[in-house]
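Colleague: Curious how this folds, go ahead:
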Amino acid sequence: MIHLATEQDKAVSPAPLGLYVHVPFCASTCDFCAFYQTVPTAGAVESFITGIAREAELVKWERPVTTVFWGGGTPGLLAPADLARLAAVVRSRCGGTPEEWTVELAPASVTPQRLAVLKEAGVTRVSMGVQSFQPALLDALGRQHTLEQIYRAYDAIRAADFKSVNLDLMFALPGQTEAEWIADMREAVRLAPDHLSTYCLTFEEDTKLWIKLSQGRVKLDPEHEVRLYETTWAELAAAGYAQYEVSNFARPGHICRHNFNTWHMHEWVGLGPSAASQHDGRRGGNIADLPEWLARVNRGERVTEDRVALTPALLAEDALIFGLRMNAGVDVSLWRECCPEAPWPAVDALLEQLVLDGLAVQAGGRVKLTQRGRLLADAVGAEMMEAFAPVEVDET
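Modeller: So this is what the prediction gives:
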């Protein structure tokens, strides 16, 4: 595995290693969600925790785990005793205390008992999926929590004294006005979380919202989305939240280290059904099916889906795509040195055009997008993929 030790990297960790655990349980499916999930029966939970312990034994790593992230699904649906069992499995493989340990929670699943278990286990960071403070918009998303549950959960999380708390919000929701989005942000700021993630609604295939879009029941409005992005960045900057990635804002000392390391193409191990890994020279994922995942783990198999070798060119491509989404940009010179065989003429031509178009600025070997460029980050990423695409040779 290639590791580029920039000064910024050294400030975080000399050789970061992340551990991601996908907890696939949800009581219901939100209209926008495309992540793998299943109903949390007693048998399914038992199979999951047993499988995580077995899968963790299959993975070999020497250095301590730097960051842990539990996503889902809804990890908070596990009973306190099951959370403690899962945490014990994770701690046994960390080789020490992780610098950061994040757990995603839904407001309806937060209880003092669950929070006490997580705090005792060593969790340092809680990320709560609020999405909106507007009841009608929550209902339109298929979210199951109420405003009362949001406030009660937030107060309980703060009372448990975790080092960092994040709130997830979503914008460009069907029927959402700019005024409603500003009200949501200001209410979130009033609660004073340490970190805010603001996601523009995307329509993933096979979700309820995708079906509504295909039926014409909801419509896309790119110009409205651009206005909401610009409003978001201005509002949160004024409130003291520094943007460090297109969708992520933090007070000093509260960036999400796990995601930061991932965007810098460091290694992480993924455990659980549908969990992805980038480790030991390969990238891939587990099958998104709890019983089949367990069967494969019992046979000693993991990371069998979309499995590819981690070549320098692949890492360089993704480092530029994700690096340009960050406000600090990406040091292209480091990747040029690491991967001389990448198609740099095509990449350089793209970067030069981005600068000419006012979408990026370049200082030395570092390139970063301007605000206008960040509004087009997805399109820039797609163009970068084209620049790295192998040139097809006509053999006729």
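Colleague: Provide the contact partners of stretch 82-97 at residue level.
Modeller: 19, 21, 23, 45, 49, 52-53, 56, 59, 63-65, 68, 70, 75, 78, 114, 117-118, 120-123 (Cβ atoms under 8 Å, 6 or more residues apart in numbering). To be clear about C-beta, it is placed using only N, CA and C from the backbone, and glycine gets the same treatment.
Colleague: Spatially central residue in this structure, please.
Modeller: The residue at the geometric middle of the chain, judged as the C-alpha nearest the mean C-alpha position with Cα atoms, centre = their mean, is Asn259 (6.0 Å).
Colleague: Can you spell out which helices and strands pack onto the strand or helix carrying that one?
Modeller: The secondary structure element spanning Asn259 is helix 257-263 (assigned by DSSP states H and E). Under the contact criterion of 3 or more Cβ pairs under 8 Å, 6 or more residues apart in numbering; DSSP states H and E, the helices and strands touching helix 257-263 comprise helix 7-12, strand 17-23, strand 67-72, strand 100-105, strand 242-245, strand 267-271, helix 312-323.
Colleague: Could you rerun that using 7 Å?
Modeller: In terms of contact count using 3 or more Cβ pairs under 7 Å, 6 or more residues apart in numbering; DSSP states H and E, helix 257-263 is assigned the packing partners helix 7-12, strand 17-23, strand 67-72, strand 100-105.
Colleague: who touches the longest one?
Modeller: Identification of contacts with strand 17-23 by Cβ atoms under 7 Å, 6 or more residues apart in numbering yields 52, 61, 63, 65-73, 75, 78, 90, 258, 261-262, 267-275.
Colleague: now that strand and strand 267-271, what's the angle there?
Modeller: For the pair strand 17-23 and strand 267-271, the angle between their directions (axes from the mean of the first three to the mean of the last three Cα atoms, to 10 degrees) equals 20 degrees.
Colleague: Let me know the secondary structure of Glu341.
Modeller: Applying DSSP: H, G, I helix; E, B strand; the rest coil to Glu341 yields a three-state assignment of coil.
Colleague: number of nearby residues for it?
Modeller: Around Glu341 there are 9 other residues, counting by other Cβ atoms under 10 Å.
Colleague: Next one: the residue nearest to it when sequence neighbours are not counted from Pro390, what distance?
Modeller: Leaving aside its chain neighbours, Glu341 sits nearest to Ala313 (6.4 Å; criterion: Cβ to Cβ, 6 or more residues apart in numbering). When Cβ to Cβ, to the nearest Å is the yardstick, Ala313 and Pro390 sit 9 Å from each other.
Colleague: Which one of the two is surrounded by more residues?
Modeller: The residue with the greater number of neighbours, taking Ala313 and Pro390 and applying other Cβ under 10 Å, is Ala313; the counts read 17 against 7.
Colleague: so where's the chain uncertain?
Modeller: For the chain, the stretches with pLDDT under 70 are 1-14, 27-37, 203-221, 391-396.
Colleague: Domain map for it?
Modeller: Following automatic domain parsing, the chain resolves into domains at 7-263, 312-388.
Colleague: Between those domains, which one is closest to Arg282.
Modeller: Arg282 sits nearest to domain 312-388 of all the domains of the chain, at 10.5 Å, using Cβ to Cβ.
Colleague: got the end-to-end distance for that closest one?
Modeller: 12 Å (Cα to Cα, to the nearest Å).
Colleague: Tell me which other helices or strands the host helix or strand of Ala237 touches.
Modeller: Under the assignment given by DSSP H and E, the secondary-structure element containing Ala237 is helix 222-238. For helix 222-238, the helices and strands in contact under the criterion 3+ Cβ pairs under 7 Å, 6+ apart are helix 178-191, strand 195-200, strand 242-245.
Colleague: Single out the most deeply packed of these.
Modeller: Here the criterion is mean neighbour count by mean count of other Cβ atoms under 10 Å, and of these the winner is strand 195-200, at a mean of 20.
Colleague: Direction included, what does it pair against?
Modeller: The strands that strand 195-200 pairs with in its sheet are strand 164-171 (parallel), strand 248-250 (antiparallel) (by DSSP bridges).
Colleague: Tell me how far it lies from the chain's centre.
Modeller: Between the centre of strand 195-200 and the centre of its chain there are 11 Å (Cα atoms, centre = their mean, to the nearest Å).
Colleague: what's the burial count for Gly96?
Modeller: Based on other Cβ under 10 Å, the number of other residues close to Gly96 is 10.
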